[in-house]
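S.K.: All I have is the shape, not the residue letters:
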């Protein structure tokens, strides 16, 4: 709803369910049935398995491992052998690591 900037009543209309049903889903007092999960998956672009696992119809889908990051030091030494000294490479590596840490913290939130 947030991504599409839709109100609960608009989501209810989009999915073909009542506003009260959306309210129960959002409050956690009810969960969508499998047909509604299919509609939610199509609506959101998420996989059906992920939606089913979120609402509890399937075991939790394991998160994918973080992507393998290329080694900056090796890349920098090959690409810029004369331009970047060891101190600059170390500083850039530190900045990259800080950015990655923040990226993972945001995803975990």
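M.R.: In hand now; what should we look at? This is a predicted model, so every value here is computed, not measured. Residues are numbered from 1 along each chain as shown.
S.K.: So for stretch 73-91, what gets flagged as buried?
M.R.: Under the neighbour-count criterion of 16 or more other C-beta atoms under 10 Å, stretch 73-91 has 76, 84, 89 buried. The way it works is simple: take the backbone N, C-alpha and C, and place the C-beta from them, glycine included.
S.K.: Next up, the contacts around the last one.
M.R.: Read it as residue 89. The neighbourhood of residue 89, defined by C-beta atoms under 8 Å, 6 or more residues apart in numbering, consists of 72-73, 76-77.
S.K.: out of these, which are inside helices?
M.R.: 72-73, 76-77 (DSSP state H).
S.K.: Just name the closest of those residues to residue 101, please.
M.R.: For residue 101, the nearest member of the ones in helices among the contacts of residue 89 is residue 72. The distance, counting by C-beta to C-beta, is 15.0 Å.
S.K.: Where does the closest residue to the closest one other than its chain neighbours sit, in terms of helix or strand?
M.R.: With C-beta to C-beta, 6 or more residues apart in numbering as the measure, residue 93 is the residue that lies nearest to residue 72, at 5.4 Å, once sequence neighbours are left out. When secondary structure is defined by DSSP states H and E, residue 93 falls within helix 86-108.
S.K.: repeat for residue 53
M.R.: With elements taken from DSSP H and E, the one containing residue 53 is helix 48-55.
S.K.: Okay, buried residues for that helix please.
M.R.: 50-55.
S.K.: what about stretch 29-45, distance to the chain center?
M.R.: A distance of 18 Å separates the C-alpha centroid of stretch 29-45 from that of its chain, computed with C-alpha atoms, centre = their mean, to the nearest Å.
S.K.: right, I mislabeled it, should have said stretch 93-104
M.R.: Taking C-alpha atoms, centre = their mean, the mean C-alpha location of stretch 93-104 is offset from the chain mean by 18 Å.
S.K.: what do you get for stretch 76-95?
M.R.: Between the centre of stretch 76-95 and the centre of its chain there are 31 Å (C-alpha atoms, centre = their mean).
S.K.: and the end-to-end length of that stretch?
M.R.: Here the two ends of stretch 76-95 are set 14 Å apart, with distance taken as C-alpha to C-alpha, to the nearest Å.
S.K.: Done for today, thanks.
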